[in-house]
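Visitor: Here's my sequence, what's the structure:
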Amino acid sequence: MKRCLWWLFAGSMMLVGLSFADESSVADNTMTFSTDAKVTLESNMATVLVTVNATVTHQDPQAAQASIMKRLQSYAPEVKWQVVSINQQAVASGASNITLKLWAQVSQAVLTPLHQQLKQSHNGYTIDLVVMNYDPPEAMVQQAKQDLMIQLYQQIQAYVARFNQSTGQNFSIQSVRYSALSPQPVRAFALLAKTNGVSSPVNSAPAPVSKAIQLNAFVTLSQSGQQSSARPVGQGVLPPAYLKVKNFKDCLSTVSRSTWKAWCMPASRPKACPAASWKQLQGSSASDGLSSCN
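Guide: Here you go, the predicted model:
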């Protein structure tokens, strides 16, 4: 199967590359093409939104909110709830209406019993749970992105070597530009059909949801000796060298870059980071492309 995929990859890249070869070589001895790689992630996690509506008469609203949060946490201690919004409105009787919205990622094994508990009556307030999606956790998506970057670059390296050997040319990688991750349509099982709650029985087995992630790469090759910016295959071009450092995830932190997260170098070595890995990351070659977390 892998052999068939390799020939399909090489063949498609050869066709795209050759379509530009004659025109590009005349202009500036460069050749461009694009390719992509996909991976399917399976997730048993659900992103849920919980809305709590409460009417407070004699109790302090802040104390009521704390009480609701404590009760919600007691149903599933392992769930980390994040507050989306808190609205408080006074009514003519002197009471206060409170609307509290929270979200969390909940495993399907916990989701069904949690929903059953939330459906029960509560003194002075109601709780409504809505399943927003079954997307994989962000950490899983970022790991897939790193793996796809390495996979694509290795495939490009192999293609360039094969192209040069087959044509007698001497092309090298000038640049590789990766696009943003492109999530493909979610293929969900029975559990995803219910977006307004969970109706499956408590003893039902969790139904994993799969989601395809695609990463595109735009490649420019140039003939060695013709472009001063050209680099031989495998030297200093993406993926960054720090991805090859053992246990690099235990040493680095992440920083938000608009709509995605990037690895960054913390000021001091984390406890979980091996000393050898930290020393390697501090080297100029390993830290290429890393910015400070500060």
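Visitor: what stretches of the stretch 101-250 of the chain score poorly on pLDDT?
Guide: Scanning the stretch 101-250 of the chain for pLDDT under 70 picks out 121, 182-207, 224-240.
Visitor: Now do the helices in it.
Guide: In chain order, the stretch 101-250 of the chain shows helices spanning 108-119, 138-167, with DSSP state H, counting those that start in this stretch as the criterion.
Visitor: Turn those into JSON lines, including mean neighbour count.
Guide: The C-beta positions use only the backbone N, C-alpha and C, and glycine is treated the same way. Output for these, formatted as JSON lines (neighbours: other C-beta atoms under 10 Å):
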{"stretch": "helix 108-119", "mean neighbour count": "18"}
{"stretch": "helix 138-167", "mean neighbour count": "16"}
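Visitor: For the nearest residue to V52 once chain neighbours are set aside, give its distance to Y134.
Guide: On the basis of C-beta to C-beta, 6 or more residues apart in numbering, the spatially nearest residue to V52 that is not a chain neighbour turns out to be L100, at 4.2 Å. Distance check for L100 against Y134: by C-beta to C-beta, to the nearest Å, it reads 24 Å.
Visitor: so who does K246 touch?
Guide: With contacts taken as C-beta atoms under 8 Å, 6 or more residues apart in numbering, K246 has the following neighbours: P274, A276, S277.
Visitor: For I213, state which of those is nearest.
Guide: Lowest distance from I213 to the contacts of K246 (C-beta to C-beta) belongs to S277, with 26.7 Å.
Visitor: mind checking the SS state of that closest one?
Guide: helix (DSSP: H, G, I helix; E, B strand; the rest coil).
Visitor: burial measure for the nearest residue to it once chain neighbours are set aside, as a count.
Guide: Here the nearest residue to S277 in space, its sequence neighbours aside, is N247; by C-beta to C-beta, 6+ apart that works out to 4.9 Å. With neighbours defined by other C-beta atoms under 10 Å, the count for N247 comes to 15.
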